[in-house]
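In: What follows is a predicted structure for the sequence shown.
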Amino acid sequence: MSKPKERLYEFAYLVSPELDEAGLEAFRGEVDALLMKAGASIREFLFSVKRRLAYPIKRRDTAHFVVERIIATSEVIEKLTRDLHL
């Protein structure tokens, strides 16, 4: 039986604007641990920037926008989608 094919994905998420730099790094560490536990590998961290949102989310109009590149199979992506309620 052949091994499922791994692909490169961009994984983007929003983080509360109330977090300072240390809190944001800690949260990124938790997300990276979740990704690795699901079976993905972190390829590279692209950027993290505080942005104004196009519309409010939970009454907030800004958020940290984080983007990473990960390598994963389609099965891992399906598991992450379920676990993260996307």
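Out: It's in.

In: can we go C-alpha only for contacts and neighbour counts from here?
Out: Fine.

In: right, and Val76 touches Ala38 too?
Out: Yes: using Cα atoms under 8 Å, Val76 is in contact with Ala38, at 6.1 Å.

In: What is the three-state secondary structure of the closest residue in space to Ile42 that isn't next to it in sequence?
Out: Setting aside the residues directly before and after it, Ile42 is nearest to Ile70 in space (Cα to Cα, 6 or more residues apart in numbering), at 4.5 Å. Assigned with DSSP: H, G, I helix; E, B strand; the rest coil, Ile70 falls in the strand class.

In: what do you get for the one 5 residues further on?
Out: Reduced to three states with three-state DSSP, the structure at Glu75 is helix.

In: Against which helices or strands is the one helix or strand Glu30 maps to packed?
Out: Following DSSP states H and E, one finds Glu30 within helix 21-38. Packed against helix 21-38 by the contact rule (3 or more Cα pairs under 8 Å, 6 or more residues apart in numbering; DSSP states H and E) you find strand 41-57, helix 74-83.

In: Pull out the buried positions in the last one.
Out: Meaning helix 74-83. Val76, Ile77, Leu80 (16 or more other Cα atoms under 10 Å).

In: What is the distance between that helix and the centre of its chain?
Out: 12 Å (Cα atoms, centre = their mean, to the nearest Å).

In: Who are the packing partners of that helix?
Out: helix 21-38.

In: In the helix it packs on, which residues are buried?
Out: Leu24, Arg28, Asp32, Leu35, Met36, Ala38.

In: Is it possible to get the helices and strands packed on helix 21-38 out as TSV so that each row also shows mean pLDDT and distance to Pro17?
Out: Formatted as TSV, the helices and strands packed on helix 21-38 follow (pLDDT from 0 to 100; distance: least, Cα to Cα, whole Å):
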stretch	mean pLDDT	distance to Pro17
strand 41-57	94	7
helix 74-83	90	23
